[in-house]
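Participant: turn this into a model:
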Amino acid sequence: KTQASAALNGSRLPSATRVFMQEGFDARVDAGEVLTEAVLQTEITAMREHLAAMVPPDFGAARPGLGSLITEADMISEGDKLFDGLLGFFMTENPALRGECKDWNGNVVAEAFEPSAPAFTSFRKAYVEISGDEELTGNLLQPNGLPKKEVRFAGEAAMARSDWTSAISAVINQILIRQISMQDEQEWRIFSEIVPLNNLQAQVRVEFGGFGDLPTVAEGAAYEEYEPPTDNEATYTPSKYGKTWVITKEAIIDDRVGIIRRMPISAAMAAKRTLNKAVLNHMLDNGTHTIDSKALFHADHSNTAVASLGSATLETARAAIYAQAELDSESVIGAKARWLLVADALAETAYDLVTPAKDEPNATPSFMQTKGINVVVTTHQNDTDMWILTADKSEIPIMEVGFFNGQQMPKLVIQDQPTAGMAFTNDQNSWKIG
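Facilitator: Okay, the predicted model is just below:
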């Protein structure tokens with residue numbers, strides 16, 4: 001056993017292979033077999049040849065010849081080349097996805113993509129290289145239930161060993177993360193406080209009134225006690241969003257590169273757009289203020305104006321925000337107008353109203369142009385009469401957006417087992433995003 005262990009440790013075979021062979025050698029020694037150095041080296045060489053034959057012959061680095069040395073690092077390196085080739089396949093038409101990706105708060109969510117191998121130009125080739133399904137049957141398993149091909153990944157894939165299902169899921173998740181992190185369709189964050197939810201039941205939030213000014217206390221007199229502030233309940237019930245898409249067996253066989261490459265990018269764009277619309281439309285469609293069951297913009301809230309966007313109407317709205325009174329104390333909050341939400345048809349008008357001109361006769365800012373108001377353009381409505389002015393959410397809460405378990409990034413699930421679901425009945429691999 002000691003001799004076998006020494007021979008294996010010096011072989012530089014992958015660690016899992018060494019463990020496997022050591023267990024076999026130990027069992028044979030326990031059974032009374034004498035393992036000479038020659039026998040050990042013969043079997044180690046045979047294993048090297050077996051592993052060498054498993055390396056793809058025409059991808060990445062040159063294929064080791066039979067009997068050549070393949071280490072675990074070599075196998076991971078080849079796996080990473082396959083993974084990077086597949087990831088590069090989906091990035092071909094959108095080079096912006098290759099750069100470092102940050103979320104709205106500036107946190108890095110994906111490092112810059114520095115591929116270790118050229119991008120696949122054929123999805124069919126990528127499928128065959130990674131899955132081992134050379135006959136394109138759609139069955140990824142051998143008769144013994146093991147994958148036809150097991151690939152080892154490190155780096156982006158963040159997994160020690162994998163197969164086609166895990167590889168394609170990891171790649172598409174990378175595309176989703178990178179596409180969703182781009183700054184388009186993120187305007188909803190400007191107006192929203194984001195919170196985690198631990199259930200999908202109706203959420204209750206309480207609005208408290210404020211205390212009035214402190215009264216003078218005479219010498220030796222008792223302090224007056226405030227009346228309990230008013231507390232009003234606001235509620236909302238979380239909604240679930242999602243969709244599935246499929247890649248058919250025919251799409252892989254026919255190598256429909258354009259359609260396959262576009263699918264995860266389109267899914268990511270749809271997810272971003274859906275969330276942005278769901279939040280912004282609550283304001284744009286004048287949704288219900290659940291505390292009093294009235295419209296969000298209502299005469300009783302002192303926040304409506306039936307007038308086109310212009311210098312005078314914008315000043316009226318700014319003054320109304322400043323004059324909003326605190327519940328109970330009725331003290332003026334003095335909030336500052338910060339965001340002007342408009343449709344694209346009003347974008348130029350809004351910009352001219354709040355942005356000081358340069359190198360023009362009105363280079364001196366107007367009163368409104370000194371107020372630090374920023375324009376936000378929405379593409380989801382194009383009503384030229386619709387414009388909304390708000391304070392910053394840090395001064396006056398506007399909306400709350402909750403995510404179950406704090407999961408803001410859509411989740412991806414793949415169904416490709418050949419004996420179940422659409423993979424069995426329709427020759428389709430399906431993905432669910434939600």
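
Participant: just checking, what packs against the lengthiest helix in the chain?
Facilitator: Taking DSSP state H as the criterion, the chain has its longest helix at helix 257-284. Other helices and strands packing on helix 257-284, by 3 or more Cβ pairs under 8 Å, 6 or more residues apart in numbering; DSSP states H and E, are helix 72-91, helix 123-131, helix 164-181, strand 243-248, helix 249-253, strand 337-343, strand 399-404, strand 428-433. Quick note: C-beta positions are derived from backbone N, CA and C, even for glycine.

Participant: pLDDT on the third one, on average?
Facilitator: For helix 164-181, the mean per-residue pLDDT is 85.

Participant: so residue 247 bridges to which residues?
Facilitator: For residue 247, the beta-bridge partners are residue 429 (DSSP bridges).

Participant: same check, this time on residue 231
Facilitator: Beta-bridge partners, per DSSP bridges, of residue 231: residue 208.

Participant: now it: how far from residue 3?
Facilitator: 79 Å (Cβ to Cβ, to the nearest Å).

Participant: tell me where this structure has helices.
Facilitator: Under DSSP H, the chain gives helices at 2-9, 15-30, 37-54, 72-91, 123-131, 164-181, 249-253, 257-284, 311-323, 347-354, 421-425.

Participant: turn the helices and strands packed on helix 257-284 into a markdown table, columns for mean neighbour count.
Facilitator: Formatted as a markdown table, these follow (neighbours: other Cβ atoms under 10 Å):
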| stretch | mean neighbour count |
| --- | --- |
| helix 72-91 | 22 |
| helix 123-131 | 22 |
| helix 164-181 | 21 |
| strand 243-248 | 16 |
| helix 249-253 | 16 |
| strand 337-343 | 22 |
| strand 399-404 | 16 |
| strand 428-433 | 19 |
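
Participant: for the ones you listed, could you give me CSV that also reports distance to residue 263?
Facilitator: CSV is the format used below for the helices and strands packed on helix 257-284 (distance: least, Cβ to Cβ, whole Å):
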stretch, distance to residue 263
helix 72-91, 9
helix 123-131, 11
helix 164-181, 8
strand 243-248, 6
helix 249-253, 10
strand 337-343, 30
strand 399-404, 24
strand 428-433, 8
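
Participant: closest to residue 50 out of the ones you listed?
Facilitator: helix 72-91 (12.5 Å; Cβ to Cβ).

Participant: give the rounded mean pLDDT of the closest one.
Facilitator: On average, helix 72-91 scores 76.

Participant: how big is the angle separating that helix from helix 257-284?
Facilitator: Helix 72-91 and helix 257-284 are oriented at 70 degrees to each other (axes from the mean of the first three to the mean of the last three Cα atoms, to 10 degrees).

Participant: just how off-centre is helix 72-91 within its chain?
Facilitator: 22 Å (Cα atoms, centre = their mean, to the nearest Å).

Participant: which neighbouring elements make contact with that helix?
Facilitator: helix 123-131, helix 164-181, helix 257-284.

Participant: coming back round to it: can you lay out the helices of the chain as JSON lines showing distance to residue 298?
Facilitator: Formatted as JSON lines, the helices of the chain follow (distance: least, Cβ to Cβ, whole Å):
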{"stretch": "helix 2-9", "distance to residue 298": "78"}
{"stretch": "helix 15-30", "distance to residue 298": "67"}
{"stretch": "helix 37-54", "distance to residue 298": "70"}
{"stretch": "helix 72-91", "distance to residue 298": "47"}
{"stretch": "helix 123-131", "distance to residue 298": "54"}
{"stretch": "helix 164-181", "distance to residue 298": "35"}
{"stretch": "helix 249-253", "distance to residue 298": "52"}
{"stretch": "helix 257-284", "distance to residue 298": "13"}
{"stretch": "helix 311-323", "distance to residue 298": "13"}
{"stretch": "helix 347-354", "distance to residue 298": "24"}
{"stretch": "helix 421-425", "distance to residue 298": "48"}
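
Participant: for those, which one sits closest to residue 207?
Facilitator: That would be helix 257-284 among the helices of the chain, by Cβ to Cβ, at 16.8 Å.

Participant: what is the orientation angle of the closest one with strand 337-343?
Facilitator: 120 degrees.

Participant: report the buried residues of helix 257-284.
Facilitator: 257, 260-261, 263-265, 267-272, 275-277, 279-280, 282-284 (16 or more other Cβ atoms under 10 Å).

Participant: and what of stretch 365-374?
Facilitator: 368, 369, 371, 373.

Participant: which residues does the last one contact?
Facilitator: With contacts taken as Cβ atoms under 8 Å, 6 or more residues apart in numbering, residue 373 has the following neighbours: 318, 337, 338, 339, 340, 354, 389.

Participant: kindly state the pLDDT recorded for the second one?
Facilitator: Just to be clear, that refers to residue 337. Note on residue 337: pLDDT of 95.

Participant: count the neighbours of the nearest residue to it once chain neighbours are set aside for me.
Facilitator: Leaving aside its chain neighbours, residue 337 sits nearest to residue 318 (4.4 Å; criterion: Cβ to Cβ, 6 or more residues apart in numbering). Here the number of neighbours of residue 318 (other Cβ atoms under 10 Å) works out to 20.

Participant: circling back: who's more crowded, residue 231 and residue 3?
Facilitator: residue 3 (13 against 10).

Participant: would you confirm that the more buried one contacts residue 41?
Facilitator: No. Residue 3 lies out of contact with residue 41 (Cβ atoms under 8 Å); the separation is 10.9 Å.

Participant: please enumerate the shared neighbours of these two.
Facilitator: With Cβ under 8 Å, 6+ apart as the test, residue 3 and residue 41 reach no residue in common.

Participant: still on that earlier bit, same question for the longest helix of the chain, mean pLDDT?
Facilitator: 91.
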